[in-house]
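> Show me the folded form of this:
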Amino acid sequence: MSTEVGSPVAGLTTSLSDVPDPVFSQAMVGPGVAVKPSGGEGDAVAPVAGQVVTLHPHAFVIAASSGGAVLVHLGIDTVKLKGEGFTLHVSTGEAVEAGQKIITWNPTEVESQGYSSICPVVALDAPAESLADLREDTQVLPGDALFNLEG
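Predicted structure coming up:
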């Protein structure tokens, strides 16, 4: 079974190796891609349909209905903002649809505070070979396919 993982934000896709954090750039938590957001305040949306299993102002994990779990991290070191500038629209345990609004945030504001706004989108604990059709160096809109998770 294959799960299409969509982009949580609009922007330019890039390799995880470009993320300025070794946890992501070395794929320690799993393979995936990153999106460099374009524009100011906007919504981060669910990359897959499923259940919200982890929710922080700066990151969330959705267990996909079709199997596997996807982590979206809004910026790097943004945990240090202690939730400031992030508005949550769902709660842990909630069932969500792909494309549903999860968090409103402002990548420009994150950058103005000295943090990277890049968004890793990771298939948690998945083998690298379970990802297909990775889209790198592509402009995407929220919901556009980033990769397929096979499994």
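> residues touching residue 9, list them.
Neighbour list for residue 9: 35, 37, 42, 43, 44, 45, 74, 107, 119, 142 [criterion: C-beta atoms under 8 Å, 6 or more residues apart in numbering]. Bear in mind the C-beta positions are built from the backbone N, C-alpha and C, glycine included.
> So which of these belong to strands?
35, 37, 42, 43, 44, 45, 119 (DSSP state E).
> if you skip the residues just before and after it, what's nearest to the residue of the chain most remote from its centre?
Centroid-distance maximum for the chain: residue 1 at 21.2 Å, with C-alpha atoms, centre = their mean. For residue 1, ignoring the flanking residues on the chain, the nearest one in space by C-beta to C-beta, 6 or more residues apart in numbering is residue 66 at 5.4 Å.
> Which helix in the protein has the most residues?
What stands out as the longest helix in the chain, according to DSSP state H, is helix 107-112.
> tell me which residues in stretch 90-106 are buried?
For stretch 90-106, the neighbour count (16 or more other C-beta atoms under 10 Å) marks 90, 96, 98, 99, 100, 101, 102, 103, 105, 106 as buried.
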